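Trainee: A predicted structure for the sequence below; I have some questions about it.
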Amino acid sequence: LFLLFKLLECASISILTSVLMLTLPLQASWACQDVDTTASTQGDNDDFLYRYNCKPGQINEVGSLLFGSREESIKDILTSPQDFEPETLLSVGLLFLGLMLVTFGTSIPAGMFMPTVLSGASLGGYAGLIFQRNFISSVHPSDFALIGAAAFLAGMQRNTVSLCVILMEGTGQTKALIPVIITVICARTVGDLFSEGVYEIGMELK
């Protein structure tokens, strides 16, 4: 009976994930953006992957982030969040955050690091774009994306020094070192007020 429950749990989460990831790009009316088709070197399958349901000469931002390489998606958001619509970053960030919370502790083998970075960078980039467009035009959304990723990682995993080193070495954005340090300390402190780190909780569940 317990094995049957685990199988049903895995099947339900897999169906939910597939439905959400296929439906969101179709329903995102803002996601289709014009591109320079002469500069594209993608094949037919890749072109369909990035174009998704958009017209020829356009790409679907949400579909590209969801179905493309996770490494490329994170790199694009961390370096150039201004290339995306704010709604795209918000929807992708909330989607990955929700799916990550649902799958944690289940029988499905799912990592935490990449979804945490992607959701944190997306929501941080969204906040940066909102600040830039409505309040302070001189801010850099890429700094907000990096700080968002740092906040999510520190809040969930409770890393401090190693996290700062990884983010600085991985992105090269040394100008954001002090904000990242402050963010990591604040995120860990606030997280410790409520619970242990996500890995400690996982070990206790096992």
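Mentor: That came through fine. Since the model is a prediction, treat every value here as computed from it, not as a measurement.
Trainee: those helices in this structure, which residues are they?
Mentor: Using DSSP state H, the helices of the chain run over residues 2-27, 44-51, 61-67, 70-79, 86-103, 113-134, 141-157, 161-171, 177-194, 198-205.
Trainee: Please identify the most buried of the ones you listed.
Mentor: When you average the neighbours per residue for each of those (mean count of other Cβ atoms under 10 Å), helix 141-157 leads with a mean of 25. For glycine as for every other residue, the C-beta is placed from the backbone atoms N, C-alpha and C.
Trainee: mind listing what the residue lying closest to Ala151 once chain neighbours are set aside touches?
Mentor: Excluding its sequence neighbours, the residue lying closest to Ala151 (Cβ to Cβ, 6 or more residues apart in numbering) is Ala187, at 4.6 Å. With contact set as Cβ atoms under 8 Å, 6 or more residues apart in numbering, Ala187 has these partners: Ala150, Ala151, Phe152, Ala154, Gly155.
Trainee: For Ala187, give its distance to Phe194.
Mentor: According to Cβ to Cβ, to the nearest Å, Ala187 stands 12 Å off from Phe194.
Trainee: Surely Asp76 and Asp83 touch.
Mentor: Yes - using Cβ atoms under 8 Å, Asp76 is in contact with Asp83, at 7.0 Å.
Trainee: and stretch 179-192, average pLDDT?
Mentor: Averaged over stretch 179-192, pLDDT sits at 89.
Trainee: Of the helices of the chain, which shows the lowest average pLDDT?
Mentor: When the helices of the chain are compared on mean pLDDT, helix 44-51 scores lowest, with a mean of 55.
Trainee: in this structure, which residue is closest to the centre?
Mentor: Leu118 (2.1 Å; Cα atoms, centre = their mean).
Trainee: For it, give its distance to Thr103.
Mentor: 14 Å.
Trainee: same thing with Thr160?
Mentor: Relative to Thr103, Thr160 is positioned 26 Å away (Cβ to Cβ).
Trainee: got it, and Leu65?
Mentor: 18 Å.
Trainee: Ok, Cys164 next?
Mentor: Going from Cys164 to Thr103 by Cβ to Cβ gives 27 Å.
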